[in-house]
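Q: this one's sequence-less:
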């Protein structure tokens, strides 16, 4: 059973998968701490609502590449203490020094994780698995209307000789990358026909918008 949730989590049987929390981002930006409370509340809500026994973070749990900032230490430890089920962490490209924090809590930083026939990776490196769940892209759909720009995080589902599901960023502070105009970063997605990738936008519910090609055509017809 696969379920895409409005909380930007993917449910696979008894497991919730999230990606791109970017804890400590405010420290990097020189801004007040804002997101850890929201992230913990939403993650707890996912665990309770879907009765999962495991949470997997598909990379970029923290933000800074070159070290561990004070907010990152505090926020990662807050998250670890706040999750009452098994926590599995897969390495992302921002997680260079994360192992030092996780080791205090007996959590190993993994390169990938297998769950119910799916391989969970971050997505910044090639992966040959047949069914993949990944993050890294921060996918979003951006629509201009009435002089304003509206952005909706989204899941992507690529299907071909294998399947790949791309998760939206779980962080409320990370701007999404517009799937209608921006190139993909991940080498995993390069084998797919971009236009045939399916888009599921997140608002109060998850809404299927069609393929990228179908969505582009629909927006071209819309008299904004």
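A: Sure, I can see it. Every value quoted in this text rests on a predicted model; they were computed, and no experiment measured them. Residues are numbered from 1 along each chain as shown.

Q: and residue 93, how many residues sit next to it?
A: Burial measure for residue 93: 14 neighbouring residues, criterion other Cβ atoms under 10 Å. In this view, the C-beta of every residue, glycine as well, is placed from N, C-alpha and C.

Q: contacting residues around it?
A: Taking Cβ atoms under 8 Å, 6 or more residues apart in numbering, we find residue 93 in contact with 59-60, 65, 122, 124, 136.

Q: Next, format those residues as a markdown table and append secondary structure and pLDDT.
A: Output for the contacts of residue 93, formatted as a markdown table (DSSP: H, G, I helix; E, B strand; the rest coil; pLDDT from 0 to 100):
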| residue | secondary structure | pLDDT |
| --- | --- | --- |
| 59 | coil | 97 |
| 60 | coil | 97 |
| 65 | coil | 85 |
| 122 | coil | 98 |
| 124 | coil | 97 |
| 136 | coil | 98 |
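
Q: quick check, nearest of those residues to residue 20?
A: Nearest to residue 20 out of the contacts of residue 93 is residue 60 (Cβ to Cβ; 4.6 Å).

Q: So that closest one sits against residue 134, correct?
A: No - at 11.0 Å, residue 60 does not count as touching residue 134 under the criterion of Cβ atoms under 8 Å.

Q: Buried members of the contacts of residue 93 into PyMOL, please.
A: Buried members of the contacts of residue 93, defined by 16 or more other Cβ atoms under 10 Å, are picked up in PyMOL with:
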select buried, resi 59+60+122+124+136
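
Q: Could I get the contacts of residue 93 in CSV, plus columns for distance to residue 45?
A: As requested, these are exported to CSV (distance: Cβ to Cβ, whole Å):
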residue, distance to residue 45
59, 22
60, 21
65, 30
122, 24
124, 28
136, 24
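
Q: Can you show me the helices along the chain?
A: Ranges of helices in the chain, per DSSP state H, are 25-29, 36-50, 70-82, 98-102, 212-221.
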